[in-house]
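Visitor: Curious how this folds, go ahead:
(chains A and B)
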Amino acid sequence: MASSSRRKMRLSNNLLKMKFMQRYLTEEAKQDLEQREKRIISDEHWYLDLPELAKNEALCVENVSFSTCEQLLFGRMSFHGFNPEVEQLCKRLNASQETTSEEEDDDNEKDISDAEMARRYQSVVETIGKKFQNKRQRSRHPDDDDGEEEEDDGAGGESRNKSRLGATKKKFLRPTD
Amino acid sequence: MAETANVVVLMPGETLQLPNSEASLTPAQELVLGPGLRRDDGGTVVATKAGVLRRRDPNVYWIDSHQKRYVPVRGEMVIGIVAAKSVDLFKVDIGSSEHASLSYLAFEGATKRNRPNLQVGDLVFTRLLVANKDMEPEVVCVDSAGRANGLGQLSGDGFLIHTSLEFCRRLLTPGCPLIASLSAVCPCEITVGMNGRVWLRAKALWPAAVAAALLERSNCIETEQMKSQLQNLTDCLANF
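Guide: Now for the predicted structure:
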């Protein structure tokens, strides 16, 4: 009688699987659930009941174009800037063919050289750097930055910083008679 | 199999003994049989054309022969002449046994409303999309990304020259002396199709005419002989 009532008291599997129930589960119950799921998956997993075929990969390609055999160039060419569009395209396609055959000099692939990239970022370093500063650092003058990193961590540093800011502020000068 | 000074000449039906058998090949060095060679059911390689056997590393074999009839191969770029227009197709003559079909939509930026303006007789530089011996060939003027990339109508006043397939291939080999000397003569544009057609365009009539004549004359000349002849010609043109 007592055992049957205990059986009734068990929570259903579907309920146990729910997310909010996960943290109340004991280790044992968790493992039990996992095993049950694994069994379901392996039962449902289907496979072809075929004898293993001997691997017979064809290492032969037929009906290949002349252009792949002889490694011919792209068909359109232009000289002395007669058709700039074709000239650029031709240069690009034929250059890519050369690099694929030799696998070297990947500088041609880059639109912007490393030097130019560095030059461009030089001017942006400060602007982007501001993003990572806090308010106090930002309010400081950029010229004071060097060698004053230790100021930031003490209360004294803060007051000194304030006083220096005050000193730079313009004050009303009382006229002397 | 006739062999003189490392040149192997094959006739149709002759079998070819490859230096390394297929069993010894690794996936990296697969055997590539180009035009003119075929493997029969037993795995032996048989020639289907009369010509000179060529080889390239690692394992590429093909037969080089003189030929004027174009046999379409998927992926090759050819110059076509628009032969007919129908509701949603152009019929294009690419020099093969059958006209190729070219869809209205196979152009860069073409939509159902915005149709390409091609007339019968216009030239198009196309790529073969379907080339099957049992089916009508199909050509397109776009790549897989929908960009033209040099394909499309060949507009402007130019010359179309019909030559042999072999000569077109010679023009397209890297470092061809003929192309180099043509480029030295004047600003011009050359389009070479794999189907034995060459289209030339220059600013004025005479350089194009000279170049066209040059191409037709050098059709049957070896590359080495070509160099000396070209030198004479470029000297003449410099004085012109």
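Visitor: can you tell me how far the most centrally placed residue in chain A sits from A:Y121?
Guide: The centre of chain A sits closest to A:I128, judged by CA atoms, centre = their mean, with a distance of 19.0 Å. From A:I128 across to A:Y121, the span is 8 Å (CB to CB, to the nearest Å). Placement of C-beta: from N, CA and C, glycine included.
Visitor: do the same with A:L93
Guide: 32 Å.
Visitor: Could you list the low-confidence segments of chain A?
Guide: A:1-8, A:53-58, A:98-109, A:141-167 (pLDDT under 70).
Visitor: can you do 90?
Guide: A:1-73, A:75, A:79-83, A:87-177 (pLDDT under 90).
Visitor: How about the residues of it by chain B?
Guide: A:57, A:59-83, A:86, A:89-90, A:93-94 (CB under 8 Å from any CB of the partner chain).
Visitor: check which helix or strand covers B:D143.
Guide: Assigned by DSSP states H and E, B:D143 falls within no helix or strand.
Visitor: For burial, what's the neighbour tally of the closest residue to it other than its chain neighbours?
Guide: Once flanking residues are discounted, B:D143 sits nearest to B:N149: 5.1 Å by CB to CB, 6 or more residues apart in numbering or on different chains. Each residue near B:N149 was counted by other CB atoms under 10 Å in any protein chain shown, and the total is 17.
Visitor: Test my guess that B:N149 contacts A:L89.
Guide: Yes. Using CB atoms under 8 Å, B:N149 is in contact with A:L89, at 6.5 Å.
Visitor: Any buried residues in the helix or strand containing B:R169, and which?
Guide: Taking DSSP H and E as the definition, B:R169 sits inside helix B:165-172. Buried residues in helix B:165-172, defined by neighbour count with 16 or more other CB atoms under 10 Å in any protein chain shown: B:L165, B:E166, B:F167, B:C168, B:R169, B:R170, B:L171, B:L172.
Visitor: And the helices in chain A, which stretches?
Guide: Counting by DSSP state H, chain A has these helices, from start to end: A:2-9, A:13-17, A:27-44, A:66-70, A:84-102, A:114-129, A:135-139, A:155-168.
Visitor: how about the CA coordinates for the fourth one, as CSV?
Guide: Extracted in CSV, the C-alpha atoms of helix A:66-70 (Å, rounded to 0.1, in the frame of the first residue of the first chain):
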residue,chain,number,x,y,z
PHE,A,66,42.4,22.1,-73.0
SER,A,67,42.7,25.2,-70.8
THR,A,68,43.2,23.2,-67.6
CYS,A,69,45.6,20.8,-69.4
GLU,A,70,47.8,23.5,-70.8
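Visitor: care to break chain B down by domain?
Guide: The record's domain parsing of chain B by automatic domain parsing lists B:2-64, B:77-153, B:159-238.
Visitor: With A:N13 as the reference, name the closest of those.
Guide: Among those, the nearest to A:N13 by CB to CB is domain B:2-64 (49.0 Å).
Visitor: Contacts only, for the residue lying closest to B:A131 once chain neighbours are set aside.
Guide: Once flanking residues are discounted, B:A131 sits nearest to B:P72: 3.8 Å by CB to CB, 6+ apart. Contact analysis of B:P72 by CB atoms under 8 Å, 6 or more residues apart in numbering or on different chains lists B:V78, B:I94, B:S96, B:A100, B:L128, B:A131, B:P137.
Visitor: try 6 Å
Guide: Applying CB atoms under 6 Å, 6 or more residues apart in numbering or on different chains, we find B:P72 in contact with B:S96, B:L128, B:A131, B:P137.
Visitor: Name the residues of chain B found near chain A, please.
Guide: B:25, B:30-35, B:60, B:62, B:73, B:75-77, B:150, B:169, B:172, B:174, B:183, B:187-192 (CB under 6 Å from any CB of the partner chain).
Visitor: so the residue nearest the centre of chain B, which of the three states?
Guide: Closest to where the C-alpha atoms of chain B average out (CA atoms, centre = their mean) is B:M194, at 1.1 Å. The assignment at B:M194 comes out as coil when based on DSSP: H, G, I helix; E, B strand; the rest coil.
Visitor: That one is in contact with B:E76, isn't it?
Guide: Yes. Contact status for B:M194 versus B:E76: in contact at 4.4 Å, counting by CB atoms under 6 Å.
Visitor: what packs against the stretch of helix or strand B:Q229 belongs to?
Guide: Assessed by DSSP H and E, B:Q229 sits inside helix B:223-239. With contacts taken as 3 or more CB pairs under 6 Å, 6 or more residues apart in numbering or on different chains; DSSP states H and E, helix B:223-239 sits against helix B:177-185.
Visitor: Of all the domains of chain B, which one is nearest A:I112?
Guide: Closest among the domains of chain B, using CB to CB: domain B:77-153, at 22.3 Å.
Visitor: Look at B:F159 and say how many residues are nearby.
Guide: Other residues close to B:F159 by other CB under 10 Å number 16.
Visitor: what about it, distance to B:E76?
Guide: 22 Å.
Visitor: Can you check the pLDDT for B:L37?
Guide: At B:L37, the predicted lDDT confidence score is 90.
Visitor: Give the full set of residues in contact with B:L89.
Guide: Going by CB under 6 Å, 6+ apart, the list of residues near B:L89 reads B:S101.
Visitor: who does it bridge with?
Guide: Beta-bridge partners recorded for B:L89 (DSSP bridges): B:S103.
Visitor: Check the one 4 residues further on too.
Guide: Under DSSP bridges, the beta-bridge partners of B:D93 are B:I81.
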